[in-house]
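Q: need the 3D shape of this:
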Amino acid sequence: MSVDVVRGRASRPVTRPEPVTINRTTDAGVVLGAVSLDPEFFSAAANAALVHQVVTAQLAARRRGTQSTKTRSEVRGGSAKPYRQKGTGSARQGSIRAPHYAGGGVALGPKPRDYTQRTPRKMVQQALRRALSDHAGRGSLRLIDRWTMEVPRTKDALASLAALDCSGRVLVVMAGRNDVVERSFRNIPGVWSVPVEQVTAYDLVAADVVVFTDESLPGTARSAKAAPSRVAAKASTPAQKVSAATAAKKTSAATAAKKTAARAPAGKRSTAQDRGAR
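A: Below you'll find the predicted structure:
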């Protein structure tokens, strides 16, 4: 690789992902305000091949691998030769438990095996970020402050899902084990609850809507009110930056002239003031 190519890559501007803003509500649908999600988790670059590989490995790991068929040596019977070798006009046979006989063994049939695929930890983490970013991009994330259910009741869970505009397959992410929330949602078809430390990329891909609480939300969420000033500061042009620096220098020079005039004797104060004015 040439030196010019390396220098060109080093001089490229670093593009930082923009934070995603969603509404923070109660479980009754009352809006509490807007928050900016952590770009590290909710603004990852697209990588469908990576997500596919990780999800395939996770589905393969769920297989028990206990399927088994019997070969011709494991099928009962057939030890005697069915008929003599020659003189019958038929093909020679040694056992009626050969694969081409009814009731015979299975040729090349499945046997117990382990379907587990090794997936590096960083690939799993990036697939989770990519799946979260996909939900954030299409607006299928819901953030609530907490669940207010005191006793398990499916009716209250259905009312909360309707207030949050959740339809289809819904994933409820809990902060640890919560028996009340888990029992409230487990009887609803297409809705399942998972602790945040057990969420997989397959859970996120299979869900149409994902519901987080303040405690289970990955990363740090900040109030969206402070976001425009930071964005405007980053988006300022070089000319604006130069003018701001010039104004700051003028202000500091005027302040220094006033301090000098204040320290000067009475006879020289007017001269120092004139010099600062000039």
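
Q: quick one: the strands in the chain, in order.
A: Ranges of strands within the chain are 21-25, 31-36, 141-144, 170-174, 191-195, 209-213, 222-223, based on DSSP state E.

Q: nearest to residue 90, of the ones you listed?
A: Shortest distance between residue 90 and the strands of the chain, using C-beta to C-beta, is found for strand 191-195: 59.8 Å. (Each C-beta comes from the backbone N, C-alpha and C, glycine too.)

Q: residues of the closest one that come out buried?
A: For strand 191-195, a neighbour-count test (16 or more other C-beta atoms under 10 Å) marks 191, 192, 193, 194 as buried.

Q: residue 102 is nearest to which of the strands of the chain?
A: Closest of the strands of the chain to residue 102 is strand 191-195, at 44.9 Å (criterion: C-beta to C-beta).

Q: may I see the strands of the chain organised as a markdown table, with distance to residue 103 and mean pLDDT added?
A: Formatted as a markdown table, the strands of the chain follow (distance: least, C-beta to C-beta, whole Å; pLDDT from 0 to 100):
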| stretch | distance to residue 103 | mean pLDDT |
| --- | --- | --- |
| strand 21-25 | 63 | 92 |
| strand 31-36 | 67 | 92 |
| strand 141-144 | 57 | 94 |
| strand 170-174 | 48 | 95 |
| strand 191-195 | 44 | 94 |
| strand 209-213 | 52 | 95 |
| strand 222-223 | 70 | 84 |
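
Q: most packed of the ones you listed?
A: Across those, averaging neighbours per residue (mean count of other C-beta atoms under 10 Å) puts strand 170-174 on top, at a mean of 24.

Q: so which elements touch that strand?
A: Applying 3 or more C-beta pairs under 8 Å, 6 or more residues apart in numbering; DSSP states H and E, we find strand 170-174 packed against helix 179-185, strand 191-195, helix 201-206, strand 209-213.

Q: make it 10 Å
A: The contact analysis (3 or more C-beta pairs under 10 Å, 6 or more residues apart in numbering; DSSP states H and E) places strand 170-174 against strand 141-144, helix 154-163, helix 179-185, strand 191-195, helix 201-206, strand 209-213.

Q: partners of it, with directions?
A: strand 191-195 (parallel), strand 209-213 (parallel) (DSSP bridges).

Q: residue 88: which of those strands is closest?
A: Ranking these by their distance to residue 88 (criterion: C-beta to C-beta) puts strand 191-195 first, at 63.6 Å.

Q: got a list of contacts for the closest one?
A: For strand 191-195, the external contacting residues (C-beta atoms under 10 Å, 6 or more residues apart in numbering) are 147, 154, 157-158, 161, 166, 168-178, 181-186, 200, 203-204, 206-207, 209, 211, 216.

Q: going by neighbour count, which of the residues you listed are buried?
A: Buried members of the contacts of strand 191-195, scored by 16+ other C-beta under 10 Å, are 147, 157-158, 161, 166, 170-175, 178, 181-185, 200, 203-204, 207, 209, 211, 216.
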